[in-house]
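A.B. asks: sharing a sequence plus its predicted fold:
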Amino acid sequence: MSQYKVLFVCLGNICRSPSAEGVFRKFVVDADREHEFFIDSAGTGSWHAGSPPDVRARKAASNRDIDISSLRARQVRGDDFGAFDYILAMDEENLNSLLGAVPQTMRGKIHLFLDFAPDLGVSEVPDPYYGGENGFDHVLDLIEEASRGLLAHIDQNRVG
């Protein structure tokens, strides 16, 4: 069986998208399904390339037994559009950046991440970078709900 390839995308790849990568990976590992997935994250901007996640993101994730300390920021590359099955933007700004760069035939791979958590009543994961530590916990709450929804969506749409 081939793997599902999931890419989480935010602006700088140091807060939201590495948090989403870590949370979704934990869900997959806890379900004993890590062999089914390749999970990554990236930013639409390049200025943090090579940097670890923000210390506040690492701390908030660690408080939930999620270790994202080994992740390093990278920018979205053109070959990501062909390589990934799901490319999940954290907000409209990043969604629009991705849609502006993707070939027309691959636009269906790109979604707002919170589309997989419609009961939340919000469409964007807010950027906690300029706020306090509580913002990182709120982001993780949203990401956890969307991760559950994404996994359920994948299960409901399995081929074969």
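C.D. replies: Yes, it's here. In this text, all values refer to a predicted model and were calculated from it rather than measured experimentally. Numbering: from 1, shown residues only.

A.B. asks: do a quick rundown of the strands in this protein.
C.D. replies: 4-10, 37-43, 86-89, 110-112 (DSSP state E).

A.B. asks: can you say which of the ones you listed is nearest to residue 27?
C.D. replies: strand 37-43 (9.6 Å; CB to CB). Placement of C-beta: from N, CA and C, glycine included.

A.B. asks: tell me what the helix ranked longest in the chain is packed against?
C.D. replies: Longest helix in the chain, counting residues (DSSP state H): helix 133-156. Packing contacts for helix 133-156, counted by 3 or more CB pairs under 8 Å, 6 or more residues apart in numbering; DSSP states H and E, involve helix 16-30, helix 55-62, strand 86-89.

A.B. asks: pLDDT on the second one, on average?
C.D. replies: Right, the one you point to is helix 55-62. Averaging pLDDT along helix 55-62 yields 97.

A.B. asks: that one packs against which elements?
C.D. replies: helix 16-30, helix 133-156.

A.B. asks: what mean pLDDT does the longest one get?
C.D. replies: Along helix 133-156, the predicted local confidence has a mean pLDDT of 96.

A.B. asks: where does pLDDT dip in the chain?
C.D. replies: Residue ranges of the chain with pLDDT under 70: 1, 159-160.

A.B. asks: about what we covered before: deepest-packed of the helices and strands packed on helix 55-62, please.
C.D. replies: Comparing those by mean neighbour count (mean count of other CB atoms under 10 Å), helix 16-30 comes out on top with a mean of 24.

A.B. asks: count of residues packed around residue 127?
C.D. replies: 18 (other CB atoms under 10 Å).
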